[in-house]
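Participant: Prediction below, plus the sequence it came from.
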Amino acid sequence: MDSLERNRKISSFVVHLTLVLISITMLVPFFWMVLTAFKSTTEATSVNPFIIFPKVWRTDAFKAVIANMDFLLLYRNTLLLIFFRVLCAVVTATMAGYAFARLRFPGRDLAFSLVLFQMMVPNQVFLIPQYLMVSKMGMLNTIFALVFPGLVTAFGTFLLRQGFMGLPKDLEEAARLDGCNIGQTFLFVMMPLMRSSMVALGIFTALFAYKDLMWPMIVNTDKDMLVLSSALAKMQGQYVMKFPELMAASLIACVPMIVLYVLFQKQFIEGIATSGGKL
């Protein structure tokens, strides 16, 4: 028993040590960004591998980017993009997922197969058709143009469909016996039970919207409609790269997602764990 207990402790120690090392490796880029933001341009571009910490902690890069970039406008556009994409994705995916999982109608399996097929196709394939649609509607350089690709989500439909399929049929039958129609059964019985999956979808959608770069740069050329990702991309010059300013702006751009994670940390962990179990 002593040897078994000792082996179990050794195995646990090795596993935890491995996870700690992996976590540190994943955090290295973030720490490097923070350190570079406080360096001078000479230190940031030095080839000396031993220059890790700045000799003097400078705030010049932060002052420069705050003076040259309207972060309040960028935050507003980015938060509007995230809010409307999350709202549209959760609403449409919840309804579509319920329909595919619990309702029977002609062509259901074929339609769901098309949804799965759309998940397999790279998003870049849809850029030109989506751009033409937004352009024909005269909605370029608007919040609607930013939100347009996220009005519906194949991944969210699949995620919610799997969640609804995991619920027992007795719930629906009991609701029908109590006089509920399809809409009432969906709103008051089934949908509240999918709260964790809906939160998970909202988290995924917010992350995808926050990191989206190509689409905002295509549909929005007006500087008043820039989001954080496209504004950071425009800081990269063809011949000159001011790394401290770029890292300072990137650090400031991380603030919304860090705040959201701190506020919704519990829901974030529960949503990820629940969605992973149901997938």
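Facilitator: Perfect, thanks for sending it. Numbering: from 1, shown residues only.
Participant: so which strand or helix has the residue minimising distance to the centre of the chain?
Facilitator: Most central in the chain under Cα atoms, centre = their mean is Leu207, positioned 1.2 Å from the mean C-alpha point. Assessed by DSSP states H and E, Leu207 sits inside helix 195-211.
Participant: re the thing from before, contact partners for the closest residue in space to the residue nearest to the centre of the chain that isn't next to it in sequence?
Facilitator: Spatial nearest neighbour of Leu207, chain neighbours left out: Met257 (7.6 Å); criterion: Cβ to Cβ, 6 or more residues apart in numbering. Every C-beta, even on glycine, is put in place using the N, C-alpha and C of the backbone. Shown in contact with Met257 (Cβ atoms under 8 Å, 6 or more residues apart in numbering): Ala206, Leu207, Tyr210.
Participant: what about the first one, how many neighbours?
Facilitator: This points to Ala206. 22 (other Cβ atoms under 10 Å).
Participant: Could you find the closest non-adjacent residue to it?
Facilitator: Ile82 (5.0 Å).
Participant: Correct me if wrong: that neighbour contacts Lys211.
Facilitator: No: using Cβ atoms under 8 Å, Ile82 is not in contact with Lys211, being 10.6 Å away.
Participant: Those two: who's more crowded?
Facilitator: Ile82 (25 against 10).
Participant: quick one: contacts for Ser113?
Facilitator: By Cβ under 8 Å, 6+ apart, Ser113 has no neighbours at all.
Participant: what's the distance between it and Phe158?
Facilitator: Using Cβ to Cβ, to the nearest Å, Ser113 is found at 11 Å from Phe158.
Participant: Identify the contacts common to those two.
Facilitator: When contacts are counted by Cβ under 8 Å, 6+ apart, Ser113 and Phe158 have no shared neighbour.
Participant: returning to that earlier point: counting contacts, what elements does the helix or strand following the helix holding Leu207 pack onto?
Facilitator: The helix or strand immediately downstream of helix 195-211 is helix 214-219, counting by DSSP H and E. Counting contacts by 3 or more Cβ pairs under 8 Å, 6 or more residues apart in numbering; DSSP states H and E, helix 214-219 packs against helix 127-136, helix 143-147, helix 228-233.
Participant: in the chain, which spans are strands?
Facilitator: Ranges of strands in the chain, per DSSP state E: none exist.
Participant: need the longest helix for it.
Facilitator: With secondary structure taken from DSSP state H, the chain has its longest helix at helix 2-37.
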